[in-house]
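> With the sequence up front, the predicted model follows.
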Protein chains: 2
Amino acid sequence: MNAEIIAIGSELLTPYRQDTNSLYLTEKLNQLGVEVVFKTVVGDNRRRLVSAARQALSRADILIFMGGLGPTEDDLTREAVAEALDLELHRDPEILAQLEKRFARRKMKMSPNNEKQADILFGATVLPNANGTAPGQWLSGKYDSKEKIIMLLPGPPHELKALFEEQCLERLRAKLPEQFIATRTLKVAMMPESQCDARVAPIYKRYPDIQTTILAGAGEIQLHLRTRADSLEAAQQRVDKLAGEIEDELDDSVFSSNGESLEQIVSYFLQMRNLTLAVAESCTGGMLAERITSISGSSRYFVGGAIVYSNELKTQFSGVPADLIAKHGAVSGEVAIAMAEGIRERCHANLGLAITGVAGPTGGTDEKPVGLVFHALAGDGKTDVVEAAFPETANESAGSPRNKRSTW
Amino acid sequence: MNAEIIAIGSELLTPYRQDTNSLYLTEKLNQLGVEVVFKTVVGDNRRRLVSAARQALSRADILIFMGGLGPTEDDLTREAVAEALDLELHRDPEILAQLEKRFARRKMKMSPNNEKQADILFGATVLPNANGTAPGQWLSGKYDSKEKIIMLLPGPPHELKALFEEQCLERLRAKLPEQFIATRTLKVAMMPESQCDARVAPIYKRYPDIQTTILAGAGEIQLHLRTRADSLEAAQQRVDKLAGEIEDELDDSVFSSNGESLEQIVSYFLQMRNLTLAVAESCTGGMLAERITSISGSSRYFVGGAIVYSNELKTQFSGVPADLIAKHGAVSGEVAIAMAEGIRERCHANLGLAITGVAGPTGGTDEKPVGLVFHALAGDGKTDVVEAAFPETANESAGSPRNKRSTW
């Protein structure tokens, strides 16, 4: 069975808002072996909604409508789906009573417009919404002699996710042929995408039964592996085997072998070794610390650090001798090392990490072009430094469909 | 005329990638008075593409197809649109020659699959693509006795934007009735959305000719105003009048009166007054510096600062006396003030800005709950401190269609 996701709401047709629920739903559907074949965004307009619903009925097996279940006159999903399916809506007295209770608990009087949230499609199962007033609905059966599954879900992401997980996943699984799908996500850094693909393509091409998708994102390359087999164990063994071969080939460039983020891996690493970290950032201007502290519990290993944008602060906070900067320039391996060692010492941390570089868009020279960056990591008695060059176009297509490599 | 945007690419139907071009296109179309009524995402599948194209022809006046113009066998947009419109494709010898030249310049031999990028829909105008190999196409005229405009644009965002701006905007403007549309965007901070709406609703309701959209995002509320009139001046005066009344009502809570970001406003402010800034961050862990330095040229006013996650670093880098922390706690107005004054002094900056708070998700107490934050700003001889409480759910719906308030 395949699926169409229909996101409903005029705000999703403005320049300011975008449907993000469909990414979550796609992941869940893929795990059940369901492919998403269309995504449609439609505004709060009954005629257009009915047309979108009819169109979806004609081309997909599973239809997921998101949004438009609230109490306002703009919320038209129930009415439109009923019209498209030629089904009646009935007002469910039990849901009505629950709505009234909900308002009473908050010592509010329920206004009449809320009542329509109790309107249920004939034959539909009500999906209670623990996080909002509007319940979801589930409808399945033959339509035009084809098996269809139709879900009406609330638009707010936290309502949708909880409701889908609790009410839809098992129902969906029961309706689908048993599928054994395994996935693995590897993440790779410090390597251009073309080089990564050139090295791994000969490997994944030997696994035609595994769908391999290579995506280049900001600062990392993701390899998504996915396969089906006759049992979950067989599928898992198969993707694990390919993942293992890729890891052998790319070695240390693979920083994540199960989809974890870079900051999550840093967190594991530091906690496992019981180490603390301090940072001195120049060109990244706080981004490094921000990413490290985005992990809950990061205060267990991250003590802090300094943003040493100016040369003066490189000296003041990370103890870089002024004459070292004068001699080698602020963007140099020597200064990176001094920053790392200086911040480690001043913060009494086990590790000191420093970054200095030419972030651009201006300030580059022939000798030190935009994108030239030095990283240094100081530990007990040893400091490593890495020089890296990031092309100027690196972030041009961030978040965009810049690359795809797939085989199935 | 209204529009449908059709994004093409199987990667846009995975959990990892999302169409973002449509936000840009929607903004440009809205500026010309064109409403987007549907957005469709379809994979690299000819049958489905043809069906999506036919459907779009039946329900929209302007059709924008994005993606699927490359040289691979997955790139099917040309063929599918030709089939849906029942038009022939012809291989344009001039484009073919240009493609060959392009490859020759890079000293590469052009493989035969590249030739299909020269296939042009009968009657279409070729839109040269300065940033890629695949040109766009423009087709307009009567279809089924209705005026249609059809554009085929490349998928990569930088190609699409440049091509649309250079080749499509003027053509589109010439086809549309002259429209005079003016917009204003105000941004508001430090105020709950419900309170903001309660205060401005009585004002914007007196302007039924202006479409007012209120959107709550991460840390800010946006008010988008938009109207049409008989001349651009009249339209502009009208939105400016409403914007002025809203600014009078909300006063200093409006930080941006023309859509600028908060960091952009900080940049203007500091450069206008020729001031430098240093920061001491605790709970934000680098995010404040990261946002400030996201503005190109921020090194003119931002000197740097410290991430003082631990109490020890609050003393070490921002000179907070250890006994002050012991007495008032790290999250207190007293410590925020000392951090701001300390970092200002150590960085020799005109202004020192400090943040300390309980970021959560854990670490909150009854007295100091998660979300309690103190900001302090130290200047020459004067330090201000603000205590703020951010509800835990604040970022739950970031980037999602959480709120909408509109009148037209």
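Everything's here; your move.
> going forward, measure contacts between C-alpha atoms and count neighbours the same way
Will do.
> so residue A:57 sits right up against residue A:63, yeah?
Yes - counting by C-alpha atoms under 8 Å, residue A:57 does reach residue A:63; the two are 7.3 Å apart.
> Need the residues touching each of these two.
Counting by C-alpha atoms under 8 Å, 6 or more residues apart in numbering or on different chains, the shared contacts of residue A:57 and residue A:63 are residue A:148.
> Figure out the helix or strand that the residue of chain A most remote from its centre lives in.
The outermost residue of chain A relative to its centre, with distances by C-alpha atoms, centre = their mean, is residue A:323 at 45.2 Å. Following DSSP states H and E, one finds residue A:323 within helix A:322-328.
> try residue A:39
Going by DSSP H and E, residue A:39 is in strand A:35-42.
> Now do the helix holding residue A:323: which elements does it pack against?
Contact here means 3 or more C-alpha pairs under 8 Å, 6 or more residues apart in numbering or on different chains; DSSP states H and E; on that basis helix A:322-328 packs against helix A:311-318, helix A:333-346.
> I'd like those helices as a markdown table, with mean neighbour count, distance to chain B and mean pLDDT appended.
Formatted as a markdown table, these follow (neighbours: other C-alpha atoms under 10 Å in any protein chain shown; distance: least, C-alpha to the nearest C-alpha, whole Å; pLDDT from 0 to 100):
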| stretch | mean neighbour count | distance to chain B | mean pLDDT |
| --- | --- | --- | --- |
| helix A:311-318 | 22 | 7 | 94 |
| helix A:333-346 | 26 | 8 | 97 |
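> what's the closest of the ones you listed to residue B:289?
Smallest distance to residue B:289 across the helices and strands packed on helix A:322-328 (C-alpha to C-alpha): 14.2 Å, for helix A:311-318.
> So what touches that closest one?
Taking contacts as C-alpha under 8 Å, 6+ apart, the residues outside helix A:311-318 that touch it are A:280, A:306-308, A:320-322, A:325, A:330, A:338-343, A:346, B:303-305, B:317, B:346-347.
> Quick check, the residue in the stretch 201-350 of chain A closest to chain B?
Proximity of the stretch 201-350 of chain A to chain B (C-alpha to the nearest C-alpha) peaks at residue A:306, 4.0 Å away.
> Quick one: name the residues of the stretch 251-400 of chain A near chain B.
A:284-290, A:293, A:296, A:299, A:302-310, A:313, A:316-317, A:346-347, A:360-361, A:396-397, A:399-400 (C-alpha under 8 Å from any C-alpha of the partner chain).
> Which of the residues you listed fall within helices?
Using DSSP state H, the subset of those located in helices is A:287-290, A:313, A:316-317, A:346.
> For chain A, which segments count as helices?
Secondary structure of chain A (DSSP H): helices located at A:21-31, A:46-59, A:77-85, A:93-105, A:157-163, A:169-175, A:193-204, A:232-250, A:262-272, A:287-292, A:311-318, A:322-328, A:333-346.
> which of these sits most buried?
Ranked by mean neighbour count, the helices of chain A are led by helix A:333-346 with a mean of 26 (mean count of other C-alpha atoms under 10 Å in any protein chain shown).
> how far does that one sit from the chain's center?
Once both centres are worked out by C-alpha atoms, centre = their mean, to the nearest Å, helix A:333-346 turns out to sit 34 Å from its chain's centre.
> For it, name the packing helices and strands.
strand A:277-281, helix A:311-318, helix A:322-328, strand A:351-357, strand A:372-379, strand A:382-389.
> any chance of the ones you listed in CSV, plus distance to residue A:73?
Listed next are the helices and strands packed on helix A:333-346 as CSV, based on distance: least, C-alpha to C-alpha, whole Å:
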stretch, distance to residue A:73
strand A:277-281, 52
helix A:311-318, 58
helix A:322-328, 65
strand A:351-357, 54
strand A:372-379, 55
strand A:382-389, 55
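> Buried residues, stretch A:249-257. List them.
Residues of stretch A:249-257 classed as buried under the neighbour-count rule (16 or more other C-alpha atoms under 10 Å in any protein chain shown) are A:250, A:254-257.
> just stretch A:180-188 next, same as before
Residues of stretch A:180-188 classed as buried: A:180-188 (neighbour count, 16+ other C-alpha under 10 Å).
> same question, stretch A:4-13
Under the neighbour-count criterion of 16+ other C-alpha under 10 Å, stretch A:4-13 has A:4-13 buried.
> Which of those residues sits closest to chain B?
Within the buried residues of stretch A:4-13, the smallest distance to chain B is 6.1 Å, found for residue A:13 (C-alpha to the nearest C-alpha).
> quick one: contacts for that closest one?
Under the criterion of C-alpha under 8 Å, 6+ apart, the contact list for residue A:13 reads A:41-43, B:26, B:36-39.
> Comparing the helices and strands packed on helix A:333-346, which yields the minimum mean pLDDT?
Among the helices and strands packed on helix A:333-346, strand A:382-389 carries the lowest mean pLDDT, at a mean of 89.
> angle of it against helix A:333-346?
On the basis of axes from the mean of the first three to the mean of the last three C-alpha atoms, to 10 degrees, strand A:382-389 is oriented at 140 degrees to helix A:333-346.
> Of the ones in helices among the residues of the stretch 251-400 of chain A next to chain B, which pair is most distant in space?
For those, and using C-alpha to C-alpha, no pair is farther apart than A:290 and A:316, which are 21.6 Å apart.
> hang on, the earlier thing: any chance of the buried residues of stretch A:249-257 in CSV with distance to residue A:334 and pLDDT as columns?
Formatted as CSV, those follow (distance: C-alpha to C-alpha, whole Å; pLDDT from 0 to 100):
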residue, distance to residue A:334, pLDDT
A:250, 29, 95
A:254, 28, 96
A:255, 26, 96
A:256, 30, 96
A:257, 33, 93
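> The residues you listed in strands, which ones?
If you go by DSSP state E, those have A:254-256 in strands.
> any idea which of those is closest to residue B:273?
Distances from residue B:273 to those, taken by C-alpha to C-alpha, are shortest for residue A:255, at 45.5 Å.
> contacting residues for that closest one?
By C-alpha under 8 Å, 6+ apart, the neighbours of residue A:255 are A:186-189, A:262, A:265.
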